[in-house]
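Enquirer: A predicted structure for the sequence below; I have some questions about it.
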Amino acid sequence: MNLWQLLMVMAVFVLAGGVKGVTGMGLPTVAMSLLGLWMVPVQAAALLVVPSLATNVAQCRGPHLRMLATRLWPGWVAIFVVTVAAPGVSSTASADIARLWLGAILIAYGAWGLWRPVLPDLSAHGAWLSAVAGATTGAATALTAVFVLPWVPYLQALRLGKDQMVQALGLSFTVATVALAVRVQASASAGWWSASGAIAVCLALVGAFAGLKVGEALRGRLAGPSFQKALFLVFIALGLTNLVRAG
């Protein structure tokens, strides 16, 4: 990477961290949707791992670990296993296919966020449904490095309390990020150990935490429906852009 590209990486993660600071989630989605515009998806995924993991760890803390683990462990196992083992963004040759899937996921997520459908109450269903949602999310993560669908709607359908939801998202995203780390570290095409890649990861980490602090400071002003609507519209626009580039 040249200097301009390194600065662009840092700017992307400042923005992605800012979104996470405001909404409590969204760093991988924002980062992948923007980095994917000029970078091979597997390389973008490699840059994503450290900032995503570092910003999720604090979100894992809370008093609901035992309850959440009892309910969600089949889904977490499925996310990890499928993310690591499924075919997906493993080579430069698959970049266009990965962008197609990334574009489709972003459009679906944006449309879901704008539509806000009433989700069924799944709180009384067995843990097997968690495994199904986790496996599907793992497959999407393997293809796009974005792990919001269908896991986030599934968690919302469990009717968790606010604090439980925040901790569940932190724990789930941490599992998905670790699985993604295992996947991209095994890929020689990711450039994980190159000098420029290491610098880019450091800049991404700094940018993510800087954006996170700014987002947290602005949360009271920007966390309303208008901000969220604009964010989902941006996801749709970036999804369409990725589809066009893949075509």
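Expert: Arrived safely, thanks for sending.
Enquirer: what residues sit buried inside the helix or strand that contains Val84?
Expert: Per DSSP states H and E: Val84 is located in helix 65-85. Neighbour counts over helix 65-85 (16 or more other C-beta atoms under 10 Å) mark 68, 71-72, 74-80, 82-84 as buried. For the C-beta atoms, the positions are set from N, CA and C on the backbone; glycine is no exception.
Enquirer: same list, those residues, but as TSV with distance to Val148 and pLDDT please.
Expert: TSV is the format used below for these (distance: C-beta to C-beta, whole Å; pLDDT from 0 to 100):
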residue	distance to Val148	pLDDT
Leu68	18	93
Arg71	19	91
Leu72	16	95
Pro74	19	95
Gly75	14	96
Trp76	15	97
Val77	19	97
Ala78	16	97
Ile79	12	97
Phe80	16	97
Val82	15	96
Thr83	13	93
Val84	19	92
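Enquirer: other SSEs contacting the helix holding Val84?
Expert: Here helix 65-85 touches helix 128-144, helix 151-157, helix 162-185, going by 3 or more C-beta pairs under 8 Å, 6 or more residues apart in numbering; DSSP states H and E.
Enquirer: most packed of those helices?
Expert: Comparing the helices and strands packed on helix 65-85 by mean neighbour count (mean count of other C-beta atoms under 10 Å), helix 128-144 comes out on top with a mean of 22.
Enquirer: any idea how far that one is from the middle of the chain?
Expert: 13 Å (C-alpha atoms, centre = their mean, to the nearest Å).
Enquirer: let's see it as PDB, backbone CA atoms only.
Expert: What follows is helix 128-144, C-alpha atoms only, in PDB (Å, rounded to 0.1, in the frame of the first residue of the first chain):
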ATOM      1  CA  TRP A 128     -31.600 -25.700  17.300                       C
ATOM      2  CA  LEU A 129     -32.800 -22.500  15.800                       C
ATOM      3  CA  SER A 130     -29.700 -20.700  17.100                       C
ATOM      4  CA  ALA A 131     -27.600 -23.300  15.200                       C
ATOM      5  CA  VAL A 132     -29.500 -22.600  12.000                       C
ATOM      6  CA  ALA A 133     -29.100 -18.900  12.300                       C
ATOM      7  CA  GLY A 134     -25.400 -19.300  13.300                       C
ATOM      8  CA  ALA A 135     -24.600 -21.600  10.300                       C
ATOM      9  CA  THR A 136     -26.300 -19.200   7.900                       C
ATOM     10  CA  THR A 137     -24.400 -16.200   9.400                       C
ATOM     11  CA  GLY A 138     -21.200 -18.200   9.200                       C
ATOM     12  CA  ALA A 139     -21.700 -18.800   5.500                       C
ATOM     13  CA  ALA A 140     -22.400 -15.100   4.900                       C
ATOM     14  CA  THR A 141     -19.300 -14.200   6.900                       C
ATOM     15  CA  ALA A 142     -17.100 -16.600   4.900                       C
ATOM     16  CA  LEU A 143     -18.300 -14.900   1.700                       C
ATOM     17  CA  THR A 144     -18.300 -11.300   2.800                       C
END
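Enquirer: for that helix, what is the average pLDDT?
Expert: Mean pLDDT, computed over helix 128-144, is 92.
Enquirer: who's in contact with that helix?
Expert: Helix 128-144 is touched from outside by 32, 41, 71-84, 86-89, 97-98, 101-102, 105, 122, 146-147, 149-151, 154, 176, 179-180, 183, with contacts defined as C-beta atoms under 8 Å, 6 or more residues apart in numbering.
Enquirer: just stretch 65-81 next, same as before
Expert: Where contact means C-beta under 8 Å, 6+ apart, the residues beyond stretch 65-81 that reach it are 127-128, 130-135, 137-138, 141, 147, 151, 154, 158, 164, 167-168, 171-172, 175-176, 178-179.
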